[in-house]
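K.L.:
Could you look at this predicted model? Sequence included:
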Amino acid sequence: MILSKMLKQCKKNKHIKIVRYGGYDYLSDGSVAGVIDADVDDWTAEDCAAAIGISDDERDKYIFPPAEFPNVTKFEDAVPMEFSIELPSGTVIQPFMLVNKRVFFVQSGLLDIFDDVKNKRYFFGHDTLFIMRDVFTVGFINPMRLNLNNLSAYAADLLTGLNASEEAAFFDAGGQMEIKEPVEAESEDKSDGQGASSD
């Protein structure tokens, strides 16, 4: 359930905000927002604070004023790349690629909030990652700002190492052998033999 995971996230980050978008309320911790389910409609930030056991005296430290997220009409498809990256800090980040090959990164742990959403798709708009089920937005996440120079240097070193390893078949699990049809391979063997005898 998105709401229960969002409540834990808000308690962890000491940040509770209700964000209104597309006629629905979303609970936000400042970096990720998840839809407040219909069975608890009209929840306030105070309700959320009570649900996670924040005392009346402490609530002012957690609750932030409600906000309206601007209506987004232009979206780009965002595809999660196959491998995530662990930063030196221990934070795991997930790269997403847009159609024009630009990439951005979000914290992998925030994506876990939406694990139970079936048939979800990802879109990018208003500098935000949207998680959608059909045409309904179940949540959105702010991408991370990273030092791209450091990541580029790492990616260049990794590519150099991968190319060298591929040439040497160094720790290659699949083995990138070229598959040839038997007739093709036999004809190549005969032509090689003829070439050798002519020398």
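P.N.:
Yep, that arrived.

K.L.:
what does the helix or strand harbouring D60 rub up against?
P.N.:
Element membership of D60, judged by DSSP states H and E, is helix 59-62. Helix 59-62 has contacts (C-beta atoms under 8 Å, 6 or more residues apart in numbering) with 10, 14-16, 46, 49, 54. (Each C-beta comes from the backbone N, C-alpha and C, glycine too.)

K.L.:
quick one: which of those residues is most hemmed in?
P.N.:
Neighbour tally across those (other C-beta atoms under 10 Å): the maximum, 28 neighbours, falls on I16.

K.L.:
where does that one land on pLDDT?
P.N.:
I16 carries a pLDDT score of 98 in this model.

K.L.:
Let me see the contact set for it.
P.N.:
10, 27, 29, 45, 48-49, 62-64.

K.L.:
returning to that earlier point: now, which of the contacts of helix 59-62 lie within strands?
P.N.:
Using DSSP state E, the subset of the contacts of helix 59-62 located in strands is empty.

K.L.:
Reformat the residues you listed as JSON lines; add distance to R145.
P.N.:
Listed next are the contacts of helix 59-62 as JSON lines, based on distance: C-beta to C-beta, whole Å:
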{"residue": "C10", "distance to R145": "22"}
{"residue": "K14", "distance to R145": "21"}
{"residue": "H15", "distance to R145": "18"}
{"residue": "I16", "distance to R145": "23"}
{"residue": "E46", "distance to R145": "32"}
{"residue": "A49", "distance to R145": "29"}
{"residue": "I54", "distance to R145": "29"}
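
K.L.:
Go through those and say which is closest to P80.
P.N.:
C10 (24.5 Å; C-beta to C-beta).

K.L.:
Please enumerate the helices of the protein.
P.N.:
Residue ranges of the helices in the chain, as given by DSSP state H, are 2-13, 45-51, 59-62, 108-111, 148-168, 182-198.

K.L.:
Now render these as JSON lines, adding distance to V99 and mean pLDDT.
P.N.:
Compiled in JSON lines, these are given as follows (distance: least, C-beta to C-beta, whole Å; pLDDT from 0 to 100):
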{"stretch": "helix 2-13", "distance to V99": "27", "mean pLDDT": "96"}
{"stretch": "helix 45-51", "distance to V99": "37", "mean pLDDT": "95"}
{"stretch": "helix 59-62", "distance to V99": "39", "mean pLDDT": "95"}
{"stretch": "helix 108-111", "distance to V99": "20", "mean pLDDT": "97"}
{"stretch": "helix 148-168", "distance to V99": "19", "mean pLDDT": "92"}
{"stretch": "helix 182-198", "distance to V99": "38", "mean pLDDT": "55"}
